[in-house]
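Engineer: Just a sequence and a predicted model for now, questions to come.
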Amino acid sequence: MANTYTLIQAQTLASAAASVTFSSIPATYTDLVLRVSSRTDAGTANDNLQVTFNSDSATNYSMTRLTGTGSAASSLNASAQTFARVGWTDGNTATASTFGSMEVYIPSYLVSQNKPFSSFAVSEQNATAANMDAIADLWRNTAAITSLNIISNNSGNLLTGSSFYLYGIKNS
């Protein structure tokens with residue numbers, strides 16, 4: 001049972017950025033949690049964020065995604081991807097000054113086996129076009145996770161005020 005969340009690093013963007021990277025993740029925890037509040041300048045109401053680990057852009061990622069829009073539900077499976085899609089966020093045409101939010105849970109990030117992880121995300125638009133995701137991802141790599149990189153799925157920049165918090169969890 002987890003008994004401590006320790007902030008490893010926080011980044012709040014003072015200006016737009018193409019990506020956010022957490023590097024030199026210490027090997028002193030059992031699990032990682034990434035919490036995000038973000039908006040991009042992609043020309044869409046709903047953008048997606050994607051993550052890669054340890055600069056791995058080979059086809060080592062898979063996902064199963066459930067999405068709800070308030071009026072419909074859908075699912076998507078994808079394998080042999082070059083990134084992990086971790087959920088919706090607000091794009092440039094979303095309601096002004098709104099931000100999407102998400103949490104990514106990465107258990108056993110140090111073990112020498114493939115890394116399953118999960119995310120929950122919602123775009124916040126004060127409109128009917130909002131989306132909510134539940135995603136099960138898999139990184140097919142046995143290396144310990146030492147860095148992660150976050151970018152927009154639609155080549156947008158992450159906008160000023162977007163915040164990213166990486167926590168380590170120690171089990172008792």
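Structural biologist: Here it is on my side, so go on. Numbering: from 1, shown residues only.

Engineer: Am I right that Ile151 is in contact with Ala18?
Structural biologist: Yes - the pair Ile151 / Ala18 is scored as a contact, 6.6 Å apart, by Cβ atoms under 8 Å. Where you see a C-beta, it was placed from the backbone N, CA and C, and this is true even at glycine.

Engineer: which residues do those two both contact?
Structural biologist: Residues touching both Ile151 and Ala18 by Cβ atoms under 8 Å, 6 or more residues apart in numbering: Leu158.

Engineer: Neighbour count for the two, which is higher?
Structural biologist: Ile151 (21 against 10; other Cβ atoms under 10 Å).

Engineer: Check the chain for its longest strand and report it.
Structural biologist: Across the chain, the longest stretch assigned as strand under DSSP state E is strand 2-12.

Engineer: Show the subsequent helix or strand relative to that strand.
Structural biologist: Next helix or strand after strand 2-12 toward the C-terminus (DSSP states H and E): strand 19-22.

Engineer: So what touches the helix or strand that comes right after that next one?
Structural biologist: Per DSSP H and E, the first helix or strand lying C-terminal to strand 19-22 is strand 31-38. Applying Cβ under 8 Å, 6+ apart, the contact partners of strand 31-38 are 2, 5, 8, 22, 25, 49, 51, 86, 89-90, 99-109, 145, 148, 150, 158-159, 162-169, 171.

Engineer: Kindly calculate the angle that strand 31-38 makes with strand 2-12.
Structural biologist: 40 degrees (axes from the mean of the first three to the mean of the last three Cα atoms, to 10 degrees).

Engineer: now the strands: where do they sit in this protein?
Structural biologist: Listed in chain order (using DSSP E), the strands of the chain are 2-12, 19-22, 31-38, 46-53, 61-68, 73-81, 84-90, 100-106, 115-122, 132-139, 148-152, 163-171.

Engineer: Point out where the chain drops to low pLDDT.
Structural biologist: 1-3, 127-129, 172 (pLDDT under 70).

Engineer: for the spatially most central residue of it, what are its contacts?
Structural biologist: Compute the mean C-alpha point of the chain, and by Cα atoms, centre = their mean the closest residue is Val86, 4.1 Å away. Counting by Cβ under 8 Å, 6+ apart, Val86 touches Leu34, Asn48, Leu49, Gln50, Val51, Met102, Val104, Ser119, Ala121, Ile135, Asp137, Ile150.

Engineer: so which of the residues you listed is the most crowded?
Structural biologist: Leu49 (29 neighbours).

Engineer: List the contacts of that one.
Structural biologist: Leu49 touches Val36, Ser38, Arg85, Val86, Gly87, Thr89, Met102, Ala121, Ile150, Ile151, Ser152, Asn153, counting by Cβ under 8 Å, 6+ apart.
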